[in-house]
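Student: 3D, please:
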Amino acid sequence: MVQLLFEDIFILQRLDPDGKKFDKVTRIEAKSEQFDMYMQLDINTEIYPMRVGDKFTMVLAPTLNLDGTPDSGYFLQGNRKTLADKFEYVMHGKLYKISEDSSSGQAAKVEIYASFGGLLMMLKGDPSNASNFELDQRLFLLIRKV
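Tutor: Residues are numbered from 1 along each chain as shown. Purely as a prediction, here's the structure:
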């Protein structure tokens, strides 16, 4: 079975907080329900439109193979089932930065940055939720509206 790196339900709070930059891409801000994580994520809204107030499950996984075997780096469409079959929007990328933010004067927060072919994600929250992540790790982001 696939060992997920992170999974939670998010509520979309804002679209394009810094203004619209690209025609087909929207930066979303969302807050998670269970782990109180904050996320900024670039979404191709031409193929996957989202609105403020949408609830969605977001999963980060190291592989799409249901048996947990490592990803080969190639996606072969076939008749086999994968983790992607359970989701509506999937991106493959690389984790490029992990940092701690203690500027708010409260408990330190960890920030995890990943790039999915130029579409960026920043996930911020309690450091205990970042124990499964490693720098330069390849990962899949999967989203499904609930």
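Student: which residues does the closest residue to residue 125 other than its chain neighbours contact?
Tutor: Leaving aside its sequence neighbours, residue 125 sits nearest to residue 37 (Cβ to Cβ, 6 or more residues apart in numbering; 3.6 Å). Heads up, the C-betas are built off the backbone N, CA and C, glycines and all. Going by Cβ atoms under 8 Å, 6 or more residues apart in numbering, residue 37 touches 8, 10, 31, 123-126, 129.
Student: Now for those residues: which two are most distant?
Tutor: 10 and 126 (15.3 Å; Cβ to Cβ).
Student: quick one: contacts of the lowest-mean-pLDDT helix or strand in the chain?
Tutor: Here the helix or strand of the chain ranked lowest by mean pLDDT, DSSP states H and E is strand 89-101, holding a mean of 93. With contacts defined as Cβ under 8 Å, 6+ apart, strand 89-101 is touched by 43, 47-48, 64, 75, 84, 108-117, 119, 121, 124, 127, 130, 133-144.
Student: any chance you could map the strands in the chain?
Tutor: 6-15, 25-32, 38-44, 55-61, 89-101, 109-116, 119-125, 138-145 (DSSP state E).
Student: Just the buried subset of the contacts of strand 89-101, please.
Tutor: 43, 64, 109-110, 112-114, 116, 119, 121, 124, 130, 133, 137, 139-143 (16 or more other Cβ atoms under 10 Å).
Student: Please name whichever of the strands of the chain is nearest to residue 70.
Tutor: Here strand 138-145 is closest among these (Cβ to Cβ), at 9.3 Å.
Student: Just want the angle from the closest one to strand 38-44.
Tutor: Inter-element angle recorded for strand 138-145 and strand 38-44: 90 degrees (by axes from the mean of the first three to the mean of the last three Cα atoms, to 10 degrees).
Student: Which strands border strand 138-145, and is each parallel or antiparallel?
Tutor: strand 55-61 (antiparallel), strand 89-101 (antiparallel) (DSSP bridges).
Student: Show me which positions of the longest one end up buried.
Tutor: Translated: strand 89-101. For strand 89-101, using 16+ other Cβ under 10 Å, the buried residues are 89-91, 93, 95, 98.
Student: you'd agree residue 26 is up against residue 40?
Tutor: No - between residue 26 and residue 40 there is no contact under Cβ atoms under 8 Å: 11.0 Å.
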